[in-house]
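Q: below are the sequence and a predicted model; questions follow.
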Amino acid sequence: KLLAELPLQVGSAMNHGQYESIKASLQNLAMARGYFDARFLTTNVTVYPEQHSANIRLHFDSGIRYHFGATEITGSQIKIERVRSLSPFQEGDPYLVSQVGEYNQNLSNTDWFSSVLVEPDLSLLGEGRELPMKVSLAPQARHQLETGLGYSTDVDVRASLKWKRPWVNSRGHSFDSSLSVSSPEQTLTASYRIPLEDVLNDYYRIHYGMKRVDSRDTKSIESNLALERHWKLDNDWNRTIFIRYLLENYEQGLQDDNAQFLLPGITFSRIRARGGSMPMWGDSQYITLEYGSENALSETDVVRVLGGMKWIRSAGENHRGLFRIDGGANFADDFDKLSPSLRFFAGGDNNLRGYGYESISPKDESGALTGAKYIATTSLEYQYRLYGDWWGALFYDYGDAFNDTPEFKRGTGVGVRWASPVGPIRLDFAWGLDKEPNDFKIHFSLGPEL
């Protein structure tokens, strides 16, 4: 394939830079495929000025192709069999530099190590076809603390504190916790992860979360305890089976109550992207199903369905388009027994721009928000590169949170996007077209698009 796509072909103009690139390409391909003894026997260019022509003669001897030999692992605080399980190659496989890079990346992604180096032992070239591999590791700090300060128009100023143990024991278990505090919401979470045979993709997780909300017509304190089993499927979808116990004390409009739910469920999700923090191509999909029974610690029989899709496509280097659609439904025997965290509210930075955060839902006789049985929202956005990592945006949002018949709301506006080193930053100026008078909101947020 390389020879068929050489930049110099019979009839093309002689270019010495392209000639040198041919030699470099052959050498690079040989190194990538494990031909470490490869060398040029002849490199010759004969020029015929009278005929305005040149002949190129390259004689390239690849030598033998080396194979992966035994792997020596040093510096690991994690059991060696765990480290070996992340290798994409086996002893005796033909050498591929891409698999060496994949092994290096897999080890880095575990977050167990502060430094990772995977390399062949080139000092043993010529002593056999199999080339030993060396894996040099250094343990990650056992405790990590992280503080943060952020702002979004949905929750105003938010401070956060995270404590993480990337590895708890030699089997690679990990623990993380976080505290997030803002004016309307305070959240405390803790998770314990137990990796299985496929360390990166298959694992159990025990998760606990507590959240206090005092926003608009909602006051609640909720606790969630969940046991999850995660898989990475062969088609790149992620599957999670879980069971969670929800306990919530709340005031929602005129309601003042306590509720508990035991909700087993399943989630399928996938994210694909190409190109940095603001990818030029990507998509994401997810769907979650939950079920609660009045006969098994739930206030009422309920089936919950949530799902969404997002697409990012581009034309050239300066035009991007984003399309999003999300929805959810509660099929409950007695909707009034659902606690606020199970109901739906629309409006805000990531939903219907031009409206206040979670300001859209049905209301009770006092005019207070009650939360909805259903939600459906969609968004269409066009972006144009203004300069470098700065983009301008035009958008149109549409949707509602409703019980029976939707009264769809519209929002539109303009915005600025910056692909910052910490992720996309979004500033939007939006108008809610179905509020009298037309509501104007400024939305500011930071986070991934998918």
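A: That came through, no problem.
Q: just the strands from the stretch 201-350 of the chain, written as ranges.
A: 203-215, 218-232, 238-252, 255-274, 281-292, 302-315, 319-332 (DSSP state E, counting those that start in this stretch).
Q: so which of the ones you listed is nearest Ser341?
A: Closest to Ser341 of the strands of the stretch 201-350 of the chain, according to C-beta to C-beta: strand 218-232, at 5.1 Å. The C-beta positions use only the backbone N, C-alpha and C, and glycine is treated the same way.
Q: which residues touch the host helix or strand of Ala138?
A: Per DSSP states H and E: Ala138 is located in strand 130-139. Applying C-beta atoms under 8 Å, 6 or more residues apart in numbering, the external contacts of strand 130-139 come out as 34, 36, 66-77, 83, 91-92, 95, 100, 103, 107, 112-122, 124-125, 167.
Q: in helices, which of the residues you listed appear?
A: Members of the contacts of strand 130-139 lying in helices (criterion: DSSP state H): Val83, Val100, Tyr103, Leu107.
Q: ok, how many other residues are close to the last one?
A: The burial metric for Leu107, expressed as a neighbour count using other C-beta atoms under 10 Å, is 25.
Q: which residue sits closest to it, ignoring its sequence neighbours?
A: Distances taken as C-beta to C-beta, 6 or more residues apart in numbering place Val116 nearest to Leu107, at 4.5 Å, with adjacent residues excluded.
Q: wait, isn't the one you found in contact with Asn109?
A: No - with contact defined as C-beta atoms under 8 Å, Val116 does not count as touching Asn109 (9.7 Å).
Q: between these two, who's got more neighbours?
A: Set side by side, Val116 and Asn109 show more neighbours around Val116, with 19 against 12, by other C-beta under 10 Å.
Q: immediately after whichever strand or helix holds Phe429, which helix or strand?
A: Here Phe429, judged by DSSP H and E, is contained in strand 423-432. Once strand 423-432 ends, the next helix or strand along the chain (criterion: DSSP H and E) is strand 439-446.
Q: so what are the sheet partners of that following strand and their directions?
A: Strand 439-446 pairs in its sheet with strand 423-432 (antiparallel), by DSSP bridges.
Q: hmm, back to that, and the residue nearest to Leu107, what does it touch?
A: Shown in contact with Val116 (C-beta under 8 Å, 6+ apart): Asn104, Leu107, Ser108, Val135, Ser136, Leu137.
Q: pick out the most distant pair among the residues you listed.
A: Maximum pairwise distance in these, criterion C-beta to C-beta, is 12.8 Å, between Ser108 and Ser136.
Q: so where's this structure uncertain?
A: Counting by pLDDT under 70, the chain shows low-confidence ranges at 437-438.
Q: quick one, longest helix in it?
A: Assignment by DSSP H; longest helix in the chain turns out to be helix 16-32.
Q: could you say what helices and strands that one packs with?
A: Judged by 3 or more C-beta pairs under 8 Å, 6 or more residues apart in numbering; DSSP states H and E, the packing partners of helix 16-32 are strand 39-48, strand 53-61, helix 97-109.
Q: give the bridge partners for Gly150, please.
A: Using DSSP bridges, the bridge partners assigned to Gly150 are Arg158.
Q: I'd assumed Leu446 was in contact with it.
A: Yes - the criterion here is C-beta under 8 Å, and Gly150 meets it with Leu446 at 6.6 Å.
Q: three-state assignment of the residue lying farthest from the centre of the chain?
A: What lies farthest from the middle of the chain is Glu50; by C-alpha atoms, centre = their mean that is 61.2 Å. Using DSSP: H, G, I helix; E, B strand; the rest coil, the secondary structure recorded for Glu50 is helix.
Q: check contacts around it.
A: Contacts of Glu50 (C-beta under 8 Å, 6+ apart): none.
Q: start at 41, not 1
A: That works, and once the first residue is 41, the last one we named lands at Glu90.
Q: measure it to Ser260 for me?
A: Separation of Glu90 from Ser260 (C-beta to C-beta, to the nearest Å): 90 Å.
Q: before we move on, what about Phe448?
A: Phe448 is 27 Å from Ser260, where distance means C-beta to C-beta.
Q: same thing with Gln292?
A: From Gln292 across to Ser260, the span is 7 Å (C-beta to C-beta).
Q: which one's more surrounded, the two?
A: Counted by other C-beta under 10 Å, Gln292 and Ser260 do not tie: Gln292 has more neighbours, with 23 against 18.
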